[in-house]
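> Let me see the structure of the following:
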Amino acid sequence: MRHRRGDTPLYAQIKAYLEEQIRQGRLRPGDRVPSEAELAHQFGVSRITSKHALFLLAQEGLIYRIPGKGSFVADRATRAFGGHMMLGVVLPFLRMQHELNLLRGAEAEANRQGLTLVLRQSSGSQEVEAAAVRDLREAGAAALIVWPVDGAHYNPALLQLSLEGFPTVLVDRCLEGVALPAVVSDNREGARLAAHYVAQAGHRHVAVVSPPGDWASSIRDRQLGFLMGLAEAGVRREPDLWLTDLKNDLAQDRVRIRTFLAAHPEVTALLAVNSGNGEAAFQAARDLGRSVPDDLSIVCFDQPDPASVEGIPFTHVAQQAEEIGKRAVQLAIQRIQGDPSSLRLEVVPVKLLHGRTCQPPAEAASG
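The predicted structure is shown next:
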């Protein structure tokens, strides 16, 4: 079929034709628009001409484009964001470098894909998290990327997303038994490497500090990894040295760990499930007059805030937070497109970085 209308520019004819298709509902929001090549063949024009028509439609917000995938009809919400498909992101906080890096990776990938990110913070509250999910959906988010709030019970708002099949990707942890894809670090392997390293340094009385394991799959995996690493090196688990009821509140945890360490002077090394717990342990040790690492070695996930640990580089498990954010956006796009393979768990590798907070215990060094 060839479409010609007198002196009207060919690109304008193509644009008007597609506008009419959208107006009449023959092309609906989310439908794929014919490609440059398909339009060029249909109208008997060059691809430069058809490309210009699509460019103008995208500028007006009638369609949005996903590199490598094609052009799609925008809904009202998408048009409100300049023709860019909108992805909602819900994070608990933006206070740790890990969280900031994850957002940076997601934003870079969204920009590359021509998408718009809209961020909400849940402040560690399931009620606020549920409200953020609702607001982002009402604003027209095509998909959600959510870092679930810690808790012994799953947020019903996230369970509802799974039941409805709404495109959603979890980051940092998965919800076991819930059909939602997730992008996580290799938490178990990272913890295993950390524990094995401490044990190989000669430590035999090793403490583990952590929030409760039922708060998140990531916490459970790290606790299991610590156990595996110690066992591999021949260090038995001492139940009294596992402090697993922290609150992820720096002030409270500092007092709790200080009391714990005072009651267990035999501890020469401590494994912390996250950087906040590592920071609290460092400060608790200093409160007791114990030097890190001369009197107490500490290894944790992620580098604590340097300002809170006297600028000392920690031996820590480094996560690829930017890679997690990038993959989450890619997986969200696959969910939008209905790719059945997108319902999966992606595990991102980690590595152990050696700092200045772990060394052999004094008795081993003197021996």
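
> In space, what's closest to residue 302 - neighbours in sequence excluded?
Closest residue in space to residue 302, ignoring its immediate chain neighbours: residue 275 at 3.9 Å, by CB to CB, 6 or more residues apart in numbering. Every C-beta, even on glycine, is put in place using the N, C-alpha and C of the backbone.

> typed the wrong thing, it's residue 172
Spatial nearest neighbour of residue 172, excluding adjacent residues (CB to CB, 6+ apart): residue 147 at 4.9 Å.

> doesn't residue 300 make contact with the residue nearest to residue 302?
Yes - shown here, residue 275 and residue 300 form a contact pair, counting by CB atoms under 8 Å, at 5.7 Å.

> Those two: which has the busier surroundings?
The residue with more neighbours, out of residue 275 and residue 300, is residue 300; 27 against 22, by other CB atoms under 10 Å.

> hang on, the earlier thing: tally of neighbours for the residue nearest to residue 172?
Residue 147 has 23 nearby residues by other CB under 10 Å.

> re earlier: which neighbours do residue 275 and residue 300 have in common?
314, 316 (CB atoms under 8 Å, 6 or more residues apart in numbering).

> Phi and psi next, for residue 341.
When read as degrees, to the nearest 10, the backbone of residue 341 gives phi -80, psi -10.

> Run through the residues that contact it.
With the criterion set at CB under 8 Å, 6+ apart, residue 341 makes contact with residue 334.

> mind checking how far it is from residue 335?
Using CB to CB, to the nearest Å, residue 341 is found at 10 Å from residue 335.

> again, but for residue 359
From residue 359 to residue 335 the distance is 46 Å (CB to CB).

> With neighbour numbers in mind, choose between these two.
residue 335 (21 against 18).

> And for that one, nearest residue in space, chain neighbours not counted?
Nearest one to residue 335, counting by CB to CB, 6+ apart, is residue 167 at 3.6 Å.

> in the stretch 151-300 of the chain, which spans are helices?
Remark: helices assigned in the stretch 151-300 of the chain by DSSP state H, counting those that start in this stretch are 156-164, 187-200, 217-232, 250-263, 275-287.

> in the shortest one, what's buried?
When burial is assessed from 16 or more other CB atoms under 10 Å, helix 156-164 yields the following buried residues: 157-158, 161-162.

> I'd like to know which of those residues is nearest to residue 110.
Checking those against residue 110 with CB to CB, the nearest one is residue 161 at 19.6 Å.

> Touching, the closest one and residue 133? I think so.
Yes - taking contacts as CB under 8 Å, residue 161 lies within contact range of residue 133: 6.9 Å.

> On the pLDDT front, check residue 80 for me.
Per-residue pLDDT puts residue 80 at 50.

> got any ranges where the stretch 251-367 of the chain has weak pLDDT?
Scanning the stretch 251-367 of the chain for pLDDT under 70 picks out 363-367.
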